[in-house]
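Participant: give me coordinates for this.
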Amino acid sequence: MARSTNAQLAVDQFKILKERYSWTKCEAWQGMARLLLTCNMWQSGGWCAFHGVVVYRETNDFKIGPRGPNQVLRRAESLSGYLSQRLDIPRSELCQNIGLYWRDPVIAKLQPHNLVGHSFRSLTVTALEMFGDKDLVFEEEVDPAQEFPGFSFTTRSKDARIDIAARREKRTVALISTRWRYRHDRVDVVEEALSYVAAARRQNPSCALYAFVGEFAPNRLEKILSNCPPAMPNAALAAAVHFQPDLISEGLQENGRLAHLKSLEWLIDQSFTWK
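Facilitator: Below you'll find the model as predicted:
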């Protein structure tokens, strides 16, 4: 399916930033951070200032009580400080230099929920095309019935789409489900993998399936990790991949329970192994 105009705006911004900062594969995640992370909140048809920290989860989780900022706010400040260091932006200027996608005049007045999902998917493809195996061809929003003719996907809706398919000489070698954020009680990327793995592996036993996310909540990430190796050695998903896991381990100072979360750089390197 053709990429939407609004998702293409995010890709165009990413390419401009890449030229400005001369990113390598290990820095590609910075484009996603600069474009999609924000310190603001969406409310009543527009963006407004919040607490001056990166909004890494639902805004109603950020609270100031009689004893001061709650743990979510304190961790948000830690994340913001860490992100400013990694992006080489003074902490006092961080909020003015991220959320660039949401500042675009075309995007600024649009409800962000669907926009962020589509732009995140297209940015993932762009990073893989820029830094990954040049022999691969990527397609977004693939119809599973056309990708795998003859198979029935009864657990998926009739309009279901595979976020990203990677092909090598017309052979599907990888499928990637992308989610910027997701609810802890509905981790759809796992259900997708279970639905598509049999068809994908029937056509190509080496086809790899991945979940690529921008989620920050450890309990939600664990829902995917528990369905990946090494927790589940023969899982449908090859790995759970975050655009930058250090933002969680170092920025939020979470413990080591997310040690098996992979990075965008890792996914880029994996592209050279897809056969």
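Participant: buried stuff in the helix or strand that contains N6?
Facilitator: Taking DSSP states H and E as the definition, N6 sits inside helix 5-21. Buried residues in helix 5-21, counted by 16 or more other C-beta atoms under 10 Å: N6, A7, L9, A10, V11, Q13, F14, K18. Yep, even glycine has a C-beta here, placed from its N, CA and C like the rest.
Participant: which other helices and strands does it contact?
Facilitator: For helix 5-21, the elements it packs on are helix 29-36, helix 100-103, helix 112-131, judged by 3 or more C-beta pairs under 8 Å, 6 or more residues apart in numbering; DSSP states H and E.
Participant: would JSON lines of those with distance to E215 and mean pLDDT be doable?
Facilitator: Below are the helices and strands packed on helix 5-21 laid out as JSON lines (distance: least, C-beta to C-beta, whole Å; pLDDT from 0 to 100):
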{"stretch": "helix 29-36", "distance to E215": "12", "mean pLDDT": "98"}
{"stretch": "helix 100-103", "distance to E215": "18", "mean pLDDT": "98"}
{"stretch": "helix 112-131", "distance to E215": "11", "mean pLDDT": "97"}
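Participant: could you single out the most deeply buried of those helices?
Facilitator: helix 29-36 (a mean of 22; mean count of other C-beta atoms under 10 Å).
Participant: pick out the residue nearest the middle of the protein.
Facilitator: Centroid check for the chain by C-alpha atoms, centre = their mean gives V213 as the closest residue, at 3.3 Å.
Participant: grab the nearest non-local neighbour of it.
Facilitator: Distances taken as C-beta to C-beta, 6 or more residues apart in numbering put R179 closest to V213, at 5.0 Å, once the chain neighbours are dropped.
Participant: wait, the one you found sits on G117?
Facilitator: Yes. Counting by C-beta atoms under 8 Å, G117 is a contact partner of R179 at 7.2 Å.
Participant: now the helix holding N6, how far from the centre of its chain.
Facilitator: Taking C-alpha atoms, centre = their mean, to the nearest Å, one finds the center of helix 5-21 at 16 Å from the center of the full chain.
Participant: again with stretch 87-103
Facilitator: Remark: stretch 87-103 is offset 19 Å from the chain centroid, using C-alpha atoms, centre = their mean.
Participant: quote the end-to-end distance of it.
Facilitator: Terminal residues of stretch 87-103 lie 18 Å apart, using C-alpha to C-alpha, to the nearest Å.
Participant: and the strand ranked longest in the chain, which residues are buried?
Facilitator: For the chain, the strand reaching the highest residue count under DSSP state E is reported as strand 171-179. Using 16+ other C-beta under 10 Å as the test for burial, strand 171-179 gives T172, V173, A174, L175, I176, S177, T178, R179.
Participant: need the contact list for the second one.
Facilitator: Going back to what we said before, that points to V173. By C-beta atoms under 8 Å, 6 or more residues apart in numbering, V173 lies in contact with L136, A166, R167, N204, S206, C207, A208, W274, K275.
Participant: among those residues, name the ones in helices.
Facilitator: Of the positions in the contacts of V173, not one sits in helices, assigned by DSSP state H.
Participant: for those, which one is nearest D188?
Facilitator: Nearest to D188 among the contacts of V173, counting by C-beta to C-beta, is A208 at 18.6 Å.
Participant: if that closest one is in a bridge, with which residues?
Facilitator: A174 (DSSP bridges).
Participant: my read is that it contacts S271, right?
Facilitator: No. With contact defined as C-beta under 8 Å, A208 does not reach S271; the gap is 9.8 Å.
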